[in-house]
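[1] Got a predicted structure here, sequence first:
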Protein chains: 2
Amino acid sequence: MEFKNYFPIWNKLNSEQQERIMEVLQFHRVEAGTHIHDSGAECLGLVVMKSGQLRTYMLSEDGREVSISRLFEYDVSLLSASCVMPDLQLNVMIEAEKDSEFWSIPACLFKNLMDESAVVSGFANSLMSSNFSELMWLMEQIMWRSFDKRLAAFLVEEVAVEGSAELKITHEKIANHMGTAREVVTRMLRYFQNEGLVKLTRGSVEVLNEPKLRALAE
Amino acid sequence: MEFKNYFPIWNKLNSEQQERIMEVLQFHRVEAGTHIHDSGAECLGLVVMKSGQLRTYMLSEDGREVSISRLFEYDVSLLSASCVMPDLQLNVMIEAEKDSEFWSIPACLFKNLMDESAVVSGFANSLMSSNFSELMWLMEQIMWRSFDKRLAAFLVEEVAVEGSAELKITHEKIANHMGTAREVVTRMLRYFQNEGLVKLTRGSVEVLNEPKLRALAE
């Protein structure tokens, strides 16, 4: 099975533990736009990415969003398994941004493995620590970095993720990533356009001057 | 020793592990205002509170602050032991808000215990999960809750913590708790004063109408 190549601690598990995982492991293939995990719904379990792109985000009561992280090939996420973590109350949603393939290890099995194995528990620790660091970084950005810098950084990241300077993304979607209102995004993008950094067309943002955007972001 | 009454997993450790902790455990007595932990400095280790009040906070490059959490009697914090957690990069400071007493378990011992014991590792997991939940909650507040509600909530919390409606706290300090500028706090406090919610005097804020503040906060 190829799952073992994607699961970082596979070789540190004993064969009995490996078998128990294989017995209940689920494989998922989803289309772009699919909602994979809803904080209110059942607990999906540990997600191990095979291909594609998922987005984890927070959702406010009145429907506003902000992206927390993105998952690519080989990434593992505990945010979809908050039920297995003691004292973790999350309000996290996960959706597929691209057609994606991933495995999930059901929550109850992962919890059992955590309880019996310091290796698995340590792995969960390391995942939670990464999440925590990312969230602190994000909070620093939101609190203390001006919006022009954040938007510039977001566009530079998108160009890298998409491998293209022409980004098929609406202002609404950008606003959802950044936790702000569409109008705020539109205003700043128009300013960027006036400065010759981007070109705006219906449903897309073309990055014209990536080096200058990158400089602005830093 | 009374430490064992303050350390939640003491009875789940074997006697050999308990002895190793006792050999290196440090007891600290600090005055209000003392800086206990600096993200850049050496790693203090796991903090176990005996009495008093500590504040953990983030510090931006240009000196702005925002409170993450407070530690009271019986609280345990891993934020002062970020070096023991894999993949944890933090920018967290800790200071004493009141005269305080606490123990610290040195980082290297705690790390060893985590590696060998699923109980200790699970305990670290639970601490990290709480931290993560708190941080997500804080981020929701900062992003999506208006400042008047946040300030009202802060004042209500302070009254409970201090056990007094007259809070000896400067606008500057409140601003540091809330991650904003002093002017923003002063403006909102004056608005609260006009509404009869508080009375402002030099160096203190007196809460006049707690039920109304509480209602505003909710």
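    Noted; the coordinates are in hand.
[2] From here on, just use CA atoms for contacts and neighbour counts.
    Fine.
[3] and the residue nearest to A:Phe192 when sequence neighbours are not counted, what does it touch?
    Distances taken as CA to CA, 6 or more residues apart in numbering or on different chains place A:Val198 nearest to A:Phe192, at 6.0 Å, with adjacent residues excluded. For A:Val198, the contacting residues are A:189, A:192, A:205-209, by CA atoms under 8 Å, 6 or more residues apart in numbering or on different chains.
[4] Could you pull out the buried residues of stretch A:9-28?
    The neighbour-count criterion (16 or more other CA atoms under 10 Å in any protein chain shown) identifies A:10, A:21, A:25 as the buried residues of stretch A:9-28.
[5] for stretch A:180-198, same thing?
    Buried-residue list, stretch A:180-198, by 16+ other CA under 10 Å: A:180-182, A:185-186, A:189, A:192-193, A:197-198.
[6] on that earlier part again, next, give phi and psi for the residue nearest to A:Phe192.
    Backbone dihedrals for A:Val198, given as degrees, to the nearest 10, come out at phi -140, psi 170.
[7] State the distance from it to A:Ala181.
    Using CA to CA, to the nearest Å, one obtains 20 Å as the distance from A:Val198 to A:Ala181.
[8] same thing with A:Leu200?
    Distance from A:Leu200 to A:Ala181, by CA to CA: 18 Å.
[9] and stretch A:71-87, how far out from the chain's middle?
    Its chain's average C-alpha position is 10 Å from that of stretch A:71-87, according to CA atoms, centre = their mean, to the nearest Å.
[10] First-to-last residue distance for that stretch?
    Length of stretch A:71-87, first residue to last, CA to CA: 24 Å.
[11] which residues of chain A fall in helices?
    Listed in chain order, the helices of chain A (DSSP state H) span A:3-6, A:15-24, A:107-116, A:118-144, A:147-162, A:171-178, A:182-194, A:210-217.
[12] Any stretches of chain A with poor pLDDT?
    Chain A contains residues with pLDDT under 70 at A:1, A:39-42, A:86.
[13] Pull up the residues of it that are close to chain B.
    Where proximity means CA under 8 Å from any CA of the partner chain, the interface of chain A facing chain B comprises A:60, A:85-90, A:114-119, A:121-122, A:124-133, A:135-136, A:139-140, A:143-144, A:179.
[14] Spit out the contact partners of the residue positioned nearest the centre of chain A.
    Among the residues of chain A, A:Arg70 comes closest to the average C-alpha position under CA atoms, centre = their mean, at 2.2 Å. With contacts defined as CA under 8 Å, 6+ apart, the neighbours of A:Arg70 are A:53-56.
[15] Residue of chain A nearest chain B, please.
    Of all residues in chain A, A:Ala118 sits closest to chain B, at 4.1 Å by CA to the nearest CA.
[16] OK, contacts around that residue?
    By CA under 8 Å, 6+ apart, A:Ala118 lies in contact with B:114-119, B:121.
[17] which one of the residues you listed has the most neighbours?
    The member of those surrounded by the most neighbours (other CA atoms under 10 Å in any protein chain shown) is B:Ser121, with 28 neighbours in all.
[18] Please report how far the closest residue to that residue other than its chain neighbours lies from A:Ala118.
    For B:Ser121, the nearest residue in space outside its immediate sequence neighbours is B:Met114; the separation is 4.5 Å by CA to CA, 6+ apart. In this structure, B:Met114 and A:Ala118 are 7 Å apart, going by CA to CA.
[19] shared neighbours of the two, which are they?
    With contacts taken as CA under 8 Å, 6+ apart, the residues that reach both B:Met114 and A:Ala118 are B:Ser121.
[20] what about burial for the residues of chain A next to chain B, which qualify?
    Among the residues of chain A next to chain B, those classed as buried by 16+ other CA under 10 Å are A:60, A:85-90, A:114-115, A:117-119, A:121-122, A:124-133, A:135-136, A:139-140, A:143-144, A:179.
[21] Hmm, A:Asn125 and A:Met114 touching each other?
    No - using CA atoms under 8 Å, A:Met114 is not in contact with A:Asn125; the gap is 9.9 Å.
[22] give the contact list for A:Val47.
    A:76-78, A:80-81, A:102-105 are the contacts of A:Val47 under CA under 8 Å, 6+ apart.
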